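Asker: Next input, structure requested:
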Amino acid sequence: MLQILTILLTFLSIITCLPSNSPTNYKEVLRLSLLFYEAQRSGRLPVDNRIPWRGDSALEDKGQNGEDLTGGYYDASDFVKFGFTMAFTTTILSWGFLAYDDAYKKADQYHHGLNAIKWASDYFIKCHVSPYEFYGQVGDFAIDHKFWGRPEELNMTRPAYKIDIKHPGADLAGEVAAALAASALVFKNIQKDYYNLAVRHAQELYKFAVNYPGFYHEVIPGAKSFYQSTGFGGELTWAALWLYKATLDKKYLQDAELFYIKFKLKGRPDEFYHSKKTAGIQILLAEATGKAEYLNAAETFCNYAFYKQKRTPKGLIYVEKMGTLSHAANIAFVCLQAAGLNISTSTYVNFAREQMSYILSSTGRSFVVGYGENYPKKPHHSASSCPDQPSPCSWDAYKSKEVNPKVLYGALVSGPDQNDHYEDIRDEFLYNEVTLDYNCGFQSTIAGLLHHQEN
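Answerer: Below you'll find the predicted structure:
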């Protein structure tokens, strides 16, 4: 009886959360999310830059031996370039692009989608300065977080931190290996030379990760406070699976299945994000092998999310307060992938649509900057809070009660609490923070829903 009541309440929440107005414009949301990534670009911007208030920045980013480390993406509201979450972001964007390239074409965003992925993979290739040496972070959190202003006006020391044989980080090396393998696959039939280059770097980083275990947060300061890893078994498995997809070399699939057992990745996870990738691993194993064990694991995860996961009163999947909306979006994306394996297809597609409806419209507001009605006007984001140049930008902009002068189009904010309470306040990052990894599962889910809408 309790299970039946739970199911009825779940369906009731779906009905109450369905948008009451016109259908969601997934094409526009996809376009805007890509603009968010362009606003986060570091380095020398391309001639087709679409963000008028952004310019070249951090052109002196260098490694400890003078290596060129320009490019990549700023992590969040600040200007640290953080390899671990940037890599996870790149993999999920690539996964969504590979699965739903038709959606990017129909939204006229195919070229921009490619550019978003390559902006990161180009940077990772620069950071991989030798087979067993990778720069995983540029910028110091403590120093950077004393600055509030434009990236074009950065004036602090920006140290670069790396992993190597004496200071290994298998989790970071594995994460980037997966990102480069996924990126390579995106370009396999477009730029063969780039595919080969990215695969080579991915294979070298994978070998580094396998042969030199260790935690990157023990090497790179700041990681323990902001993006501490919980293990490296998931990253090794993740990397092996993406290398298998990119190369079809069965040794990588064999490695992945061995790692899956060795690192005890069986069982049902409750979430999917940069340091908890088991749900995505189970999907990739199911896709690669067709084995019932993995298919059942994927179905168990998504059924738990749909029927039993804690929800807010208005129907949002709730994992934790930090990045509330991104957690829901990531789960929705994984379940869209399960739908692609013919597991409860209509149920999981509707589930993803319901979660995106909450984010975009059904509560009477949008949580994506620049989209829909009543969207966030004060995201916790330094550059977009600055007035037009030549007016100075400082902590006064952070303290201002006015809306951000620049619209950070496409940014998904952290979101509401477990009671659906949300405040559009710049200095409250638990509600209004924006980050690279918040948008990746969201963007890929939007692409998936556009794919299902059009087919």
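Asker: which stretches of this protein form strands?
Answerer: In the chain, strands defined by DSSP state E lie at 81-82, 133-138, 160-164, listed in chain order.
Asker: how far off strand 133-138 does the last one point, in degrees?
Answerer: What separates the directions of strand 160-164 and strand 133-138 is an angle of 150 degrees, with axes from the mean of the first three to the mean of the last three C-alpha atoms, to 10 degrees.
Asker: Point out the other helices and strands that strand 160-164 packs with.
Answerer: strand 133-138 (3 or more C-beta pairs under 8 Å, 6 or more residues apart in numbering; DSSP states H and E). In this view, the C-beta of every residue, glycine as well, is placed from N, C-alpha and C.
Asker: Residues in contact with the strand it packs on: which ones?
Answerer: By C-beta atoms under 8 Å, 6 or more residues apart in numbering, the residues outside strand 133-138 that reach it are 58, 61, 63, 67, 69, 72, 80-84, 127-129, 158-164, 169, 172-173, 176, 205, 208, 216, 219-220, 222-223.
Asker: go again using 6 Å as the cut-off
Answerer: When contacts are defined by C-beta atoms under 6 Å, 6 or more residues apart in numbering, strand 133-138 is touched by residues 61, 63, 69, 81-83, 127-128, 158, 160-164, 172, 216, 220.
Asker: quick one on the thing from earlier: I'd like the strands of the chain as JSON lines, with mean pLDDT and mean neighbour count appended.
Answerer: Shown next, in JSON lines, are the strands of the chain (pLDDT from 0 to 100; neighbours: other C-beta atoms under 10 Å):
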{"stretch": "strand 81-82", "mean pLDDT": "96", "mean neighbour count": "28"}
{"stretch": "strand 133-138", "mean pLDDT": "97", "mean neighbour count": "25"}
{"stretch": "strand 160-164", "mean pLDDT": "97", "mean neighbour count": "22"}
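Asker: N404 is nearest to which of those?
Answerer: For these, the distance to N404 is smallest for strand 81-82, at 22.4 Å, taking C-beta to C-beta.
Asker: show me where pLDDT drops low in the chain?
Answerer: Applying pLDDT under 70 to the chain flags the ranges 1-22, 223-229, 454-455.
Asker: now do 90
Answerer: 1-23, 141-143, 145, 214-232, 267, 275, 373, 428-429, 454-455 (pLDDT under 90).
Asker: Could you check how many residues crowd around D101?
Answerer: Applying other C-beta atoms under 10 Å, we find 16 residues neighbouring D101.
Asker: Pull up the gap between it and L450, please.
Answerer: 11 Å (C-beta to C-beta, to the nearest Å).
Asker: Same question for R31.
Answerer: Remark: distance between R31 and L450 (C-beta to C-beta) = 11 Å.
Asker: These two: which is more packed in?
Answerer: L450 (23 against 20).
Asker: pretty sure that one is touching A103, no?
Answerer: Yes. Counting by C-beta atoms under 6 Å, L450 touches A103, with 3.9 Å between them.
Asker: which ones are touching the residue lying closest to F36 once chain neighbours are set aside?
Answerer: Once flanking residues are discounted, F36 sits nearest to G410: 3.6 Å by C-beta to C-beta, 6 or more residues apart in numbering. Neighbour list for G410: L32, S33, L35, F36 [criterion: C-beta under 6 Å, 6+ apart].
Asker: give me the number of residues near the second one?
Answerer: S33 has 27 neighbours, counted by other C-beta under 10 Å.
Asker: residue contacts, it?
Answerer: Residues near S33 by C-beta under 6 Å, 6+ apart: G410, N439, Q443.
Asker: again, only using 8 Å
Answerer: Counted by C-beta under 8 Å, 6+ apart, S33 has contacts V368, G410, L412, N439, F442, Q443, I446.
Asker: before we move on, what about Q418?
Answerer: K310, T312, Y318, K321.
Asker: if I look at the last one, how far off is Q389?
Answerer: Between K321 and Q389 the distance, using C-beta to C-beta, works out to 35 Å.
Asker: rewinding a little: find residues that contact each of L450 and A103.
Answerer: The contact lists of L450 and A103 share Y26, L30, where a contact means C-beta under 8 Å, 6+ apart.
Asker: Next one: S77 from E152, what distance?
Answerer: From S77 to E152 the distance is 15 Å (C-beta to C-beta).
Asker: more crowded one of the two?
Answerer: The residue with more neighbours, out of S77 and E152, is S77; 24 against 17, by other C-beta under 10 Å.
Asker: That one is in contact with F429, isn't it?
Answerer: Yes. If you go by C-beta atoms under 8 Å, S77 and F429 touch, sitting 7.5 Å apart.
Asker: between these two, what contacts are shared?
Answerer: H380.
Asker: Include distance to D140 when you put the contacts of S33 into JSON lines, please.
Answerer: Shown next, in JSON lines, are those (distance: C-beta to C-beta, whole Å):
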{"residue": "V368", "distance to D140": "31"}
{"residue": "G410", "distance to D140": "28"}
{"residue": "L412", "distance to D140": "27"}
{"residue": "N439", "distance to D140": "24"}
{"residue": "F442", "distance to D140": "29"}
{"residue": "Q443", "distance to D140": "29"}
{"residue": "I446", "distance to D140": "34"}
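Asker: What backbone torsions are found at the closest residue to G233 other than its chain neighbours?
Answerer: Computed as C-beta to C-beta, 6+ apart, the closest residue to G233 that is not its neighbour in sequence is F263, at 2.6 Å. Note on F263: backbone dihedrals following degrees, to the nearest 10 are phi -100, psi 10.
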